[in-house]
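Colleague: Predicted model, plus sequence, below.
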Amino acid sequence: MESVILTERLKLRKWKESDAEKLYTLAKAAEVGEGAGWLPHTDVDYSRAIIRTILSAEGEYCITNAQDNESPVGSIGFRIAASQRRGIDREDEAEVGYWIGRDYWNRGFATEALSEIIRHCFVDIGLNRVWGSYFDGNDRSRRVMEKCGLVFHHRNENMYNAMLKKYYNETMMCITAEEYFRTNKEQL
């Protein structure tokens, strides 16, 4: 998989340990983590550990502002795999996840990054479907997915998040390769 993906304003690249301080600054906000299903970061060492473990996985990218010294503004990633528990049935499908630091909300960064990851999944990798989900009340994430062509598929109710120690409902949205190419003919 590509290690750097460029958009008009963004550079999606692998996270580096030297990003730990900026990651902590972005990820310590409760509303950022809870919207994505994880606890706020507690210190720079915790952020560094997250970079070494979770954010170093294949398909994970640091979203950087290419016009601002490539400073991290958030994170995006995708996992190719089925998840029967969540209603993703096939192994040739991916689920995307993303978040943007609070200071960078409402600038279109999430939409731009997600749009490019969707293109990458269909055009460069050849996947069949891309999934995304949002928790009840996370209308910002829902709007980003809708702008990128994902549509409602189903809801998962009373799912337990052990990290947050609470139950939640999530709405699963998706777009198929056929739908993507029908509306993005220039990608053929």
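Modeller: Yes, it's here.

Colleague: Tally up the residues packed near residue 8, please.
Modeller: By the measure other Cβ atoms under 10 Å, the count of residues near residue 8 is 9. All C-beta atoms are positioned from the backbone trio N, CA, C, and that covers glycine.

Colleague: Relative to residue 94, how far out is it?
Modeller: Remark: distance between residue 8 and residue 94 (Cβ to Cβ, to the nearest Å) = 23 Å.

Colleague: With residue 44 instead?
Modeller: According to Cβ to Cβ, residue 44 stands 31 Å off from residue 94.

Colleague: again with residue 118
Modeller: Counting by Cβ to Cβ, the gap from residue 118 to residue 94 is 9 Å.

Colleague: follow-up on the earlier one: compare residue 44 and residue 94 (neighbour count), which wins?
Modeller: residue 94 (24 against 15).

Colleague: Please name the strands paired to the helix or strand hosting the more buried one in the sheet, noting orientation.
Modeller: Assigned by DSSP states H and E, residue 94 falls within strand 93-100. Note on strand 93-100: by DSSP bridges, its sheet partners are strand 71-80 (antiparallel), strand 129-135 (parallel).

Colleague: Run the chain-centre distance for that strand.
Modeller: The chain centroid and the centroid of strand 93-100 are separated by 3 Å under Cα atoms, centre = their mean, to the nearest Å.

Colleague: Following element in sequence after that strand, please.
Modeller: Using DSSP H and E, the first helix or strand after strand 93-100 is helix 109-119.

Colleague: Now for the residue nearest to residue 134 when sequence neighbours are not counted, how many residues are close by?
Modeller: In space, and not counting its chain neighbours, residue 134 is closest to residue 141: 4.0 Å by Cβ to Cβ, 6 or more residues apart in numbering. Residue 141 has 23 neighbouring residues, counting by other Cβ under 10 Å.

Colleague: Look up how far residue 26 lies from residue 141.
Modeller: Note on residue 141: its distance to residue 26, by Cβ to Cβ, is 16 Å.

Colleague: Please apply the same query to residue 34.
Modeller: As judged by Cβ to Cβ, residue 34 and residue 26 stand 14 Å apart.

Colleague: Brilliant, that's me finished.
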